[in-house]
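In: Need a 3D model of the following:
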Amino acid sequence: MSEAEYPRPVDPVVSTDIPKVVSPYEGQHLPMKTHLAISAYWFATNFLWGALLTVMLPAEIKKLVPFFPVTALSLITGLSAIIALVVPLFAGALSDRCASKLGRRRPFMAVGIGLNVVGLLLMTLAYSVATPLPKAAPSGAVVALLTSPSFLGFLLAYMVVQFGNNITSAAYSGIIPDLVPEDQRGKASGYMALMSQLGTLLGAIGSGQILGHAPEPAKFALIAVVLAGVGAWTILGIRENPLPFAPPKIRWNTYVRSLWIDPRQHPDFAWVWITRALVMLGFYSVLPFVNYYLTDVVGSKDPGKDAATVLGIILIASSVSAVQGGKLSDKIGRKKVVYWANSLIAVMALGFIFCRSLEEAIGVGVLFGLGFGAYTSVDWALGTDVLPSQEDAAKEMAVWHISMTLPQSVAAPIAGALISMFGVTTAIVNGEPTAHYPIAGYSCVFILCAACFALGAYLLKNVKGVR
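Out: All right, here's what the predicted structure looks like:
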């Protein structure tokens, strides 16, 4: 391709200054090995979050902040999610314009993974030198956290993890729109859902079951090795056609204005964004607190191990429905899959309120997982189906990605407030202080989760351009 085939615009704005790049897989039927290479990074990043969010972070926070762990976990999750909200908007746009011979996405992915590994090393260091916070009045808990060097050091290290991870994920979000032929995106989304479930599953099992009582550095090292090794599978295993020339530099004031995608002009994109935001609000209001729910409601004596077990069962069920849901959505339509999946999830979210044993939680979790796997199997396909344009796909996928990151920044604080508003009691267990929250708060969170999933399914009826 010569520059003459793609004349530079005289007055570039945002997307019209990016030359169109034909996928190296155009017109091909992608084999399994290509689908696996494309989705491998999704395994790596979900391995990271499966280990951190469900097992390691709740356990570490409980040791660092034994008297008010829900408040601390809400704060660290909410503040760090601001990084996930902002970084993809700019990293995605920069990757759209990357003129490297390696392609647009892979250089950013490599840099992001490197920063992510550095963040994990910093978390190890911050945790190893931290000292537990003393008891504080409920009204002064946030002040105590934000003035504690131990908590702030741990928070900043966790933000480095978020920063690196979101650089990689922002660039990676353009991979399917860039490379996968449109008639195979449902299948590609299904593979991504499968890798997501497997990554989260093995991350939780690795940190909770296999290395449950191992030193924290061993857990962080495992995450770093998997992230770098499996991430390299995607970087080295896919092909990208580079841009034929470097686009003009971004005019950032114009770019920031372009992040507003007018819902009147692109109503399908707006409704998919809204429905996904509701689903993620429901999901992330529950996920960070599974460990504490098992302790306070189910009565678990080893919440790290049991959280890994429950999540593992949920994700095994999710994996069963993930690939099949993506393939089915190519045939019967995305919306029908979401209607059934979200309805099942909403009912099962309410079911968790009545669980009083690990076996009951696992039984409800199986059905919850089947629904969630079916939803995630069409998640990316829905997003790519309604993109306003393909030329700056990573930027627009980053806007779509806000529908996941913005709910994360508010879900944990909202859920934490609901759990905490019924009070907290502390007791000394095995010589260590332990906080206990009543069932009523967790019930409110599960009701919120069910309502979000149900509303997310109902509002999808407004999307007209997707079956």
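In: Where is the longest helix in the protein?
Out: helix 303-332 (DSSP state H).
In: Tell me the first helix or strand C-terminal of it.
Out: helix 334-351 (DSSP states H and E).
In: Contacts for that next one, please.
Out: The list of residues contacting helix 334-351 from outside it, by CB atoms under 8 Å, 6 or more residues apart in numbering, reads 186, 275, 279, 282, 286, 321, 325, 328-329, 364-365, 367-368, 370-372, 374-375, 377-378, 381-382, 385, 446-447, 449-451, 453-454, 456-457, 460-461, 463, 466-467. Yep, even glycine has a C-beta here, placed from its N, CA and C like the rest.
In: Could you tell me which of the residues you listed belong to strands?
Out: Counting by DSSP state E, none of the members of those fall within strands.
In: All the strands of this protein, in order from the start?
Out: 425-429, 432-436.
In: how about the last one as CSV, C-alpha atoms only?
Out: This points to strand 432-436. The C-alpha coordinates for strand 432-436 follow below in CSV (Å, rounded to 0.1, in the frame of the first residue of the first chain):
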residue,chain,number,x,y,z
GLU,A,432,-6.2,-11.8,65.6
PRO,A,433,-9.0,-9.2,65.3
THR,A,434,-11.8,-10.2,62.8
ALA,A,435,-14.6,-8.0,61.5
HIS,A,436,-18.1,-9.4,61.0
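In: Among the contacts of helix 334-351, name the buried ones.
Out: 186, 275, 279, 282, 286, 321, 325, 328-329, 364-365, 367-368, 370-372, 374-375, 377-378, 381-382, 385, 446, 449-451, 453-454, 456-457, 460, 463, 466 (16 or more other CB atoms under 10 Å).
In: Show me those residues that map onto helices.
Out: 186, 275, 279, 282, 286, 321, 325, 328-329, 364-365, 367-368, 370-372, 374-375, 377-378, 381-382, 385, 446, 449-451, 453-454, 456-457.
In: which residue sits closest to Gly325, ignoring its sequence neighbours?
Out: Ser377 (3.3 Å; CB to CB, 6 or more residues apart in numbering).
In: so that neighbour makes contact with Lys187?
Out: No. Counting by CB atoms under 8 Å, Ser377 does not reach Lys187; the two are 9.6 Å apart.
In: coming back round to it: quick one: closest of the strands of the chain to Ser150.
Out: Distance to Ser150, taken as CB to CB, is lowest for strand 432-436 among those, at 15.8 Å.
In: surely Val399 meets Asp262?
Out: No. Using CB under 8 Å, Val399 makes no contact with Asp262, being 11.8 Å away.
In: More neighbours: which of these two?
Out: Val399 (21 against 10; other CB atoms under 10 Å).
In: What distance do you get for that one to Ile250?
Out: The gap separating Val399 from Ile250 is 15 Å, by CB to CB, to the nearest Å.
In: Leu53 now?
Out: Distance from Leu53 to Ile250, by CB to CB: 33 Å.
In: Which one's more surrounded, the two?
Out: More crowded of Leu53 and Ile250, by other CB under 10 Å: Leu53, with 24 against 19.
In: For the more buried one, report the pLDDT, please.
Out: Looking at Leu53, its pLDDT is 84.
In: Also the one 4 residues further on?
Out: According to the per-residue confidence, Leu57 scores 90 in pLDDT.
In: got it, and Gly326?
Out: pLDDT, Gly326: 64.
In: quick thing: my sequence starts at 56, can you match it?
Out: Understood, numbering begins at 56; the last thing we discussed is Gly381.
In: Return the list of strands paired to the lowest-mean-pLDDT helix or strand in the chain, each annotated with direction.
Out: Scoring the helices and strands of the chain by mean pLDDT, DSSP states H and E places strand 480-484 at the bottom, with a mean of 74. Using DSSP bridges, the strands paired with strand 480-484 are strand 487-491 (antiparallel).
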